[in-house]
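>>> Quick one: sequence plus predicted model below, questions after.
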Amino acid sequence: QVQLVESGGGFVQAGGSLRLSCVASGLPFSNYVMGWFRQAPGKEREFVGVITWTGGNTYYADSVKGRFTISRDNAKNTVYLQMNSLNSEDTADYYCAARSVLTLVTMMRRSSYAYWGQGTQVTVSS
């Protein structure tokens, strides 16, 4: 049974930082591309970024580029989302997701990811 478990969410003031973690089990982690998505209240879930199998490549949404960094530790079956310079528009539930292949055309599509975590809430106060 595949499980993705996010942690690290919480309350932070604008301008602050948080690091989210996502621990995977039940799948060969290094064979999976890992993505982060977020969903703000009343909005659709949106792509944040993705990291390839060995961490050699990352891709980000324009809204977080330069502020967020995705990394992974395959020995720990864990992917991270380092979030800096947070603002109120970053308030959302954050989800990690896994897929076995990566195409640049589909990496932003929720439907292309096979497995999802339950999410962790991030609230940025202004």
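Nice, I can see it. Numbering: from 1, shown residues only.

>>> all strands of this protein, in order?
Per DSSP state E, the chain carries strands over the ranges 3-7, 10-13, 18-25, 33-39, 46-51, 58-60, 68-73, 78-83, 92-99, 115-116, 120-125.

>>> counting contacts, what elements does the shortest one pack onto?
Contact partners of strand 115-116 among helices and strands, from 3 or more Cβ pairs under 8 Å, 6 or more residues apart in numbering; DSSP states H and E: strand 92-99. Quick note: C-beta positions are derived from backbone N, CA and C, even for glycine.

>>> Specify the angle between the strand it packs on and strand 46-51 in degrees.
Per axes from the mean of the first three to the mean of the last three Cα atoms, to 10 degrees, the angle that strand 92-99 makes with strand 46-51 is 50 degrees.

>>> Now do strand 92-99: distance to the chain's middle.
Strand 92-99 sits 5 Å away from the centroid of its parent chain (Cα atoms, centre = their mean, to the nearest Å).

>>> Next: stretch 24-32.
The answer for stretch 24-32 is 15 Å, by Cα atoms, centre = their mean.

>>> now stretch 73-85
Per Cα atoms, centre = their mean, the centroid offset for stretch 73-85 relative to its chain is 9 Å.

>>> Quick check: mean pLDDT of that stretch?
For stretch 73-85, mean pLDDT is 98.

>>> how about that stretch: buried residues?
Across stretch 73-85, burial judged by 16 or more other Cβ atoms under 10 Å covers 74, 77-81, 83.

>>> Check stretch 108-121 too.
So for stretch 108-121, counting by 16+ other Cβ under 10 Å, buried means 108, 112-113, 115-117, 119-120.

>>> Ok, stretch 36-52 next?
Under the neighbour-count criterion of 16+ other Cβ under 10 Å, stretch 36-52 has 36-38, 45, 47-52 buried.

>>> which residue is nearest the middle of this structure?
Centroid check for the chain by Cα atoms, centre = their mean gives residue 36 as the closest residue, at 2.1 Å.
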